[in-house]
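>>> Kindly return the folded structure for what I paste below:
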Amino acid sequence: MNKVIIKTENAPAPIGPYSQAVWGGNTLYISGQIAIDPKTGELKSGDVEAEAEQVMKNLQGILEHAGLTFANVVKCSIFLSDMNDFAKVNAIYGKAFPAAAPARETVAVKTLPKSVNVEISAIAVR
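Next up is the predicted model:
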């Protein structure tokens, strides 16, 4: 299997020992993204909608760098600090998938990195 590390300035630099994304053959595994603006390195916080919008921009930046779009995404995992934010995040997430949405789970967790409200990871195929 061919393993290729993806690194782009269109998404935040990793804050730990992981890659933004990794090609494993024809499958792209995108690490969980939080609401860090890649241009400033600053965390966009304040409300869950602003965070979700930045997360989706970060995912899009990685996908585009890899030559893909949201149409290539086959699976997402959404992590929320509060399940009461589900509808708000779902509305923003859904804009990226107007036709065939990928498989997905959404779970509430006790805490997320940098105390954000939402984190999303994705798997895409060529």
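
>>> separation between the spatially closest residue to Asn117 that is not a sequence neighbour and Leu112?
Nearest non-adjacent residue to Asn117, counting by CB to CB, 6 or more residues apart in numbering: Val48, 4.4 Å away. Every residue, glycine included, has its C-beta placed from N, CA and C. Distance of Val48 to Leu112, given as CB to CB, to the nearest Å: 11 Å.

>>> ok, and the closest non-adjacent residue to Gln54?
Ala35 (4.0 Å).

>>> ok, the one you found - contacts?
Listed by CB atoms under 8 Å, 6 or more residues apart in numbering, the contact partners of Ala35 are Leu43, Lys44, Ser45, Ala50, Glu51, Ala52, Gln54, Val55, Asn58, Val116, Val118.

>>> from memory the fourth one sits against Glu42, does it?
No: taking contact to mean CB atoms under 8 Å, the distance of 12.0 Å between Ala50 and Glu42 leaves them out of contact.

>>> neighbour count winner among those two?
In this view Ala50 and Glu42 are compared by other CB atoms under 10 Å, and Ala50 has more residues nearby, 14 against 11.

>>> about what we covered before: give the burial count for the residue nearest to Asn117, as a bare number.
Val48 has 21 nearby residues by other CB under 10 Å.

>>> dump the residue contacts of it.
Leu80, Asp82, Asp85, Lys88, Val89, Asn117, Val118.

>>> how about JSON lines for those residues, with pLDDT, distance to Ala103 and secondary structure added?
As requested, the contacts of Val48 are exported to JSON lines (pLDDT from 0 to 100; distance: CB to CB, whole Å; DSSP: H, G, I helix; E, B strand; the rest coil):
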{"residue": "Leu80", "pLDDT": "98", "distance to Ala103": "18", "secondary structure": "strand"}
{"residue": "Asp82", "pLDDT": "97", "distance to Ala103": "23", "secondary structure": "coil"}
{"residue": "Asp85", "pLDDT": "98", "distance to Ala103": "21", "secondary structure": "helix"}
{"residue": "Lys88", "pLDDT": "98", "distance to Ala103": "21", "secondary structure": "helix"}
{"residue": "Val89", "pLDDT": "98", "distance to Ala103": "17", "secondary structure": "helix"}
{"residue": "Asn117", "pLDDT": "97", "distance to Ala103": "23", "secondary structure": "coil"}
{"residue": "Val118", "pLDDT": "98", "distance to Ala103": "18", "secondary structure": "strand"}
